[in-house]
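*Asks:* The following comprises the amino acid sequence and a computationally predicted model.
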Amino acid sequence: MKPTRMAVARQPAAQRVDFCALLDACADSVAIHDAATKSILWANRAATDAYGYSLEELLVLDYSEIAPADRSRTREAANGQIDQALFKDHHTFEWCIRRKSGEEIPIEATATYVPWGTVRAIMVQFRDITDRKRTELRLRRHELRFREFMQDLAEGVCIVSVDGRIEYLSPSADRLLGYAKDSILGTSFHQLLDARTQRQILARFARRTPDVRSMRYRVRHADGSWRWHEATYRYVKFEEDLSGFLMHFRDITANVAAEKAAREKEKMLEYLARHNAMGEMAAAIAHELSQPLAAAQNYIEGGARRIPHDMAHRDELMWGLGHARLQIDRASEIIRSVREYALKHEFTREVIDLSDVLNEVRYFIELRARQMSVRVAWSISELPLMVRCERVLIGQVIINLAFNAIDAMAEVPAARRLLRIASSPDGDHVLVRVEDRGRGLPIGREQKMFDGFFSTKKAGNGIGLSLCQNIVSKHGGTIWAEQAKQVGAVFLVKLPLKQD
């Protein structure tokens, strides 16, 4: 049978010497304390090395000479820790000792009651845990910093398991969602989403890919409101009990609202732009309508005078009334085309020949040009120039540029008033040129003309060119202005050709 601690302690002195020699070879420090006085009765070599004293010096030391500077580690506290071994098999605790050099080292100690000859003794085994303490301190610092960083992040971080449970939430995620962490951990993430987003995320989470992907979704905030989030996510597996989709998300509700407002504003500006063009065409259209309506009035009045006096001229009467009807039909056609252009709200992109758009706006441009005594030279490409566009908006751009060019020549001699409009292929783009022979562009401010509310007209509001740039950019094109080679200005619009 293996001898017990009691049996070893009661062995003859020679055998106890062998036991001390065995403890001397032990790597852990061992010190035997008197259970009553707590004074050191014996210590092995590792213990004397740890303290920095010889065994003879150690046996006569007072506690104050090896006590740490920490005031909480008093003699009474140390005795209390050692006494714990009298009430249970052994007691493990952390402490701190002061070496002969004055250096303090943290230790982990285990106190065990043992008989030592005729004395009740407590054996304390201890080891230096300086490295462990340093590691723990670094970990605590890292954890504290990590928590602070996560707290102040603009993004929320969470882990959602494959079956949709919320496994982890950062403090910033708590703030973005508004829920208390304890109330939401372990609950279903999908229950916070609207029906459409649920279907979207279920489909995305069906693939456990480590690749980073992005998405937008709507989530219900703790206050009951719906918020828009933009997130990146990927599948991760940290440990056996922690795996799922790691999500970094941020609240973009304000951005989505701003995007929606911008779209509405853009739509309204485009609608107002057409009405603005209608205002500029009003005088020319009124003049154009006055001729057929006046002619129709003359025919009708002439016919009315003939009816009661002479029915013999029935053929002449019917001829006059027929021409009156034709003139009225002409006026109605003018009004109908203008109304269709001005009142169309919805736009549909379609693949069309840009030459068709130029032919559609040709009537309005020439109508305005005649009023201003401006000649118009057209050079429309014979090759098809297929582009994907909203024909009304692109037509508006060409009308705006042409009307501006006509107005720019209002103060130059009539013989010089010439407007050139041309279209041609330009690589994988189509180029439209609108050139006038007016006063030219403001030096150094060519591109500023496309800024909002910039105008060289006395009564201009400055939104025409800005809207043109907005429309062209939305179609993936560019618009710019140049000085003409001799006199005047050139405005150019480049749009991408539709590739088969």
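*Replies:* Thanks, I have it. Numbering: from 1, shown residues only.
*Asks:* Helices along the stretch 51-200 of the chain, start to end?
*Replies:* 55-59, 63-66, 75-83, 130-152, 171-177, 181-184, 195-204 (DSSP state H, counting those that start in this stretch).
*Asks:* Turn those into a markdown table, columns for mean neighbour count, distance to A489 and mean pLDDT.
*Replies:* Quick note: C-beta positions are derived from backbone N, CA and C, even for glycine. Below are the helices of the stretch 51-200 of the chain laid out as a markdown table (neighbours: other CB atoms under 10 Å; distance: least, CB to CB, whole Å; pLDDT from 0 to 100):
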| stretch | mean neighbour count | distance to A489 | mean pLDDT |
| --- | --- | --- | --- |
| helix 55-59 | 13 | 101 | 91 |
| helix 63-66 | 14 | 96 | 86 |
| helix 75-83 | 15 | 93 | 90 |
| helix 130-152 | 11 | 54 | 77 |
| helix 171-177 | 20 | 52 | 84 |
| helix 181-184 | 13 | 63 | 83 |
| helix 195-204 | 14 | 50 | 86 |
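*Asks:* Including distance to A43, could these go into TSV?
*Replies:* What follows is the helices of the stretch 51-200 of the chain, written out as TSV (distance: least, CB to CB, whole Å):
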stretch	distance to A43
helix 55-59	6
helix 63-66	11
helix 75-83	14
helix 130-152	20
helix 171-177	49
helix 181-184	50
helix 195-204	66
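*Asks:* For I107, which of those is the nearest?
*Replies:* Closest approach to I107 among the helices of the stretch 51-200 of the chain (CB to CB): helix 130-152, 8.9 Å.
*Asks:* which intervals of the stretch 201-350 of the chain have sub-threshold pLDDT?
*Replies:* 239-241, 269-292, 294-295, 297-299, 301-320, 322-324, 327, 330, 332-347 (pLDDT under 70).
*Asks:* got a list of what K133 touches?
*Replies:* P106 (CB atoms under 8 Å, 6 or more residues apart in numbering).
*Asks:* any weak-confidence spans in the stretch 401-500 of the chain?
*Replies:* If you take pLDDT under 70 as the line, the stretch 401-500 of the chain has these spans: 444-448, 451-464, 500.
*Asks:* could you redo the last one with a cut-off of 50?
*Replies:* Residues of the stretch 401-500 of the chain meeting the criterion pLDDT under 50: 453-454, 458-462.
*Asks:* Just give me the neighbour total for the nearest residue to T74 once chain neighbours are set aside.
*Replies:* Leaving aside its sequence neighbours, T74 sits nearest to A67 (CB to CB, 6 or more residues apart in numbering; 7.7 Å). Look at A67: counted by other CB atoms under 10 Å, it has 18 neighbours.
*Asks:* who touches A67 in this structure?
*Replies:* R73, T74, R75, A78, R98.
*Asks:* Dump the residues you listed to CSV, plus distance to Q499.
*Replies:* Output for these, formatted as CSV (distance: CB to CB, whole Å):
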residue, distance to Q499
R73, 82
T74, 87
R75, 91
A78, 86
R98, 83
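*Asks:* of the helices of the stretch 51-200 of the chain, which approaches W378 most closely?
*Replies:* Nearest of the helices of the stretch 51-200 of the chain (CB to CB): helix 195-204, 50.2 Å.
*Asks:* Which helix or strand lies directly C-terminal to that closest one?
*Replies:* Sequence-wise, the next helix or strand downstream of helix 195-204 (DSSP states H and E) is strand 213-220.
*Asks:* How about residues contacting that next one?
*Replies:* Contacts of strand 213-220 (CB under 8 Å, 6+ apart): 177, 192-194, 196-197, 200-201, 204, 226-234, 252.
*Asks:* Mind listing what's buried along that strand?
*Replies:* Y217, R218, V219, R220 (16 or more other CB atoms under 10 Å).
*Asks:* would you list every one of the helices in the stretch 201-350 of the chain?
*Replies:* With DSSP H, counting those that start in this stretch as the criterion, the stretch 201-350 of the chain has helices spanning 253-306, 314-343.
*Asks:* After the last one, which helix or strand is next?
*Replies:* So that's helix 314-343. Following helix 314-343 toward the C-terminus (DSSP H and E): strand 350-353.
*Asks:* Please save the CA atoms from the very next helix or strand once past that next one in CSV.
*Replies:* Using DSSP H and E, the helix or strand that follows strand 350-353 towards the C-terminus is helix 354-371. Presented in CSV, the C-alpha positions along helix 354-371 are these (Å, rounded to 0.1, in the frame of the first residue of the first chain):
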residue,chain,number,x,y,z
LEU,A,354,-31.8,59.2,-82.4
SER,A,355,-32.7,60.6,-85.8
ASP,A,356,-36.4,60.0,-85.0
VAL,A,357,-36.0,62.1,-81.9
LEU,A,358,-34.5,64.9,-84.0
ASN,A,359,-37.3,64.8,-86.5
GLU,A,360,-39.9,64.9,-83.7
VAL,A,361,-38.5,68.1,-82.2
ARG,A,362,-37.7,69.7,-85.6
TYR,A,363,-41.1,71.3,-85.9
PHE,A,364,-40.8,73.1,-82.5
ILE,A,365,-37.3,74.3,-83.2
GLU,A,366,-38.1,75.6,-86.7
LEU,A,367,-41.3,77.2,-85.3
ARG,A,368,-39.2,79.2,-82.8
ALA,A,369,-36.5,79.9,-85.3
ARG,A,370,-39.0,81.5,-87.8
GLN,A,371,-40.2,83.9,-85.1
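*Asks:* Which SSE is immediately downstream of helix 354-371?
*Replies:* By DSSP H and E, the next helix or strand past helix 354-371 is strand 375-379.
*Asks:* List the pairing partners of that following strand within its sheet, with orientation.
*Replies:* strand 418-426 (parallel) (DSSP bridges).
*Asks:* how about the partner strand as PDB, C-alpha atoms only?
*Replies:* Extracted in PDB, the C-alpha atoms of strand 418-426 (Å, rounded to 0.1, in the frame of the first residue of the first chain):
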ATOM      1  CA  LEU A 418     -27.700  80.500 -88.500                       C
ATOM      2  CA  LEU A 419     -28.400  77.500 -86.300                       C
ATOM      3  CA  ARG A 420     -26.700  74.200 -87.200                       C
ATOM      4  CA  ILE A 421     -27.900  70.900 -85.700                       C
ATOM      5  CA  ALA A 422     -26.000  67.700 -86.600                       C
ATOM      6  CA  SER A 423     -25.800  64.100 -85.500                       C
ATOM      7  CA  SER A 424     -23.200  61.500 -86.300                       C
ATOM      8  CA  PRO A 425     -21.600  58.300 -85.000                       C
ATOM      9  CA  ASP A 426     -18.500  58.800 -82.800                       C
END
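*Asks:* mind listing what the host helix or strand of V432 pairs with, with the direction of each?
*Replies:* Assigned by DSSP H and E, V432 belongs to strand 429-435. Applying DSSP bridges, strand 429-435 is found paired with strand 418-426 (antiparallel), strand 489-496 (antiparallel).
*Asks:* Of these, which is nearest T118?
*Replies:* strand 489-496 (104.2 Å).
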